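[1] Next come a sequence and a model predicted from it.
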Amino acid sequence: MSGCVENSKLSFAMDAKPAYQRILLKLSGEALMGTSDFGISPEVMSFLAREIKDVVASGVQVALVVGGGNIFRGEGLARAGMDRVTGDHMGMLATVINGLALQDAIERVGVPVRVQSALRINEVCEDYIRRKAVRHLEKGRVVVFAAGTGNPFFTTDSAAALRAIEINADLMLKATKVDGIYTADPKKYADARKYDELTYDEALTKRLGVMDQTAMVLCRDHGVRLCVYDMGRPGALKAIVMGDKTIGTRVHG
Ligand code: GTP
């Protein structure tokens, strides 16, 4: 098809303009493991880097929030008997490790990245400074927000919601292993139905487990538009930012 890009049935005109100027993409730590039980998969990292490069190339500003569950999860450590605050600190440091790995992978495909941490570790990366983050984004750099909110008891979903609000992101994306939000776990229930669209109140009342309640209430109260999509589908991220509404599930206020 001339003047058109096609990728796994995702298509858009080559001269089309992105539907969003600034996005915040939330990646879970587990998403970086690939098929392993822990750690960071080089294949997943380079796949993500290429997907992000494509989006940056279309002129969209990209911020990332990454979890740390592939290395440490505070809640799990607390269940095993560790002090919860210590466990959460370890989890936050795990997100910094993932942030640095993302920086390396994305810079290797030629896109500049700045990592900003909510905990001060200046030898390793910049501190989180909102106005500086926005300046980086305006200069076409990808900004990775690491160390969650810098506080224990808050998830990285809440950190993503908070940062999306602070930087005025037009869309927050939550990358998952399924292509949206379902009435039940589609891997367990064959009759599970996918939602194309939902309100935060519906998601909260139906306890759909899209994100934790703090994150959803923050998004709802501040009018953040959310898209939950399958990060493993090549071209999906680009198609979403180009305005394809058929991918994933949209959640709004
Ligand atoms: P501009 O001011 O737009 O030029 O941004 P810049 O990020 O290129 O300039 P800056 O001088 O702030 O940073 C240069 C490099 O040092 C970048 O790779 C930053 O990520 C890094 N950097 C800046 N501040 C810190 C810090 O506090 N700690 C660490 N480890 N690196 C930093």
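    Done, it's in. Residues are numbered from 1 along each chain as shown.

[2] Now do the strand or helix carrying Ala164: which elements does it pack against?
    For Ala164, the host element (DSSP states H and E) is helix 156-166. Judged by 3 or more CB pairs under 8 Å, 6 or more residues apart in numbering; DSSP states H and E, helix 156-166 is in contact with strand 22-27, strand 61-66, strand 142-146, strand 171-176, helix 213-221. Where C-beta positions appear, they are placed from N, C-alpha and C, glycine not excepted.

[3] mind putting those in CSV, distance to Met231 and mean pLDDT included?
    Putting the helices and strands packed on helix 156-166 into CSV (distance: least, CB to CB, whole Å; pLDDT from 0 to 100) gives the following:
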stretch, distance to Met231, mean pLDDT
strand 22-27, 7, 98
strand 61-66, 12, 98
strand 142-146, 16, 98
strand 171-176, 3, 96
helix 213-221, 18, 96
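
[4] Show me the one of these that comes nearest the ligand.
    For the helices and strands packed on helix 156-166, the distance to the ligand is smallest for strand 142-146, at 9.8 Å, taking CB to the nearest ligand atom.

[5] just to revisit the earlier point, what angle sits between the helix holding Ala164 and strand 61-66?
    Per axes from the mean of the first three to the mean of the last three CA atoms, to 10 degrees, the angle that helix 156-166 makes with strand 61-66 is 160 degrees.

[6] one step back: which among the helices and strands packed on helix 156-166 is found nearest to Ile40?
    strand 61-66 (10.5 Å; CB to CB).

[7] which regions of the stretch 1-150 of the chain lie under the pLDDT threshold?
    1-14 (pLDDT under 70).

[8] Show me what from this structure comes close to the ligand.
    Proximity of the chain to the ligand, by CB under 6 Å from any ligand atom, involves residues Arg114, Asn122, Glu123, Val124, Cys125, Glu126, Asp127, Lys139.

[9] TSV please, covering those residues and showing distance to Arg163.
    Converted to TSV, the residues of the chain next to the ligand look like this (distance: CB to CB, whole Å):
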residue	distance to Arg163
Arg114	13
Asn122	20
Glu123	23
Val124	19
Cys125	15
Glu126	14
Asp127	14
Lys139	18
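
[10] tell me what the lengthiest helix in the chain is packed against?
    Under DSSP state H, the helix in the chain containing the largest number of residues is helix 84-108. Judged by 3+ CB pairs under 8 Å, 6+ apart, helix 84-108 is in contact with helix 42-57, strand 61-66, helix 74-79, strand 113-117, strand 142-146.

[11] how about these in TSV, adding mean neighbour count and distance to Met90?
    Formatted as TSV, these follow (neighbours: other CB atoms under 10 Å; distance: least, CB to CB, whole Å):
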stretch	mean neighbour count	distance to Met90
helix 42-57	18	22
strand 61-66	27	15
helix 74-79	16	6
strand 113-117	22	14
strand 142-146	28	14
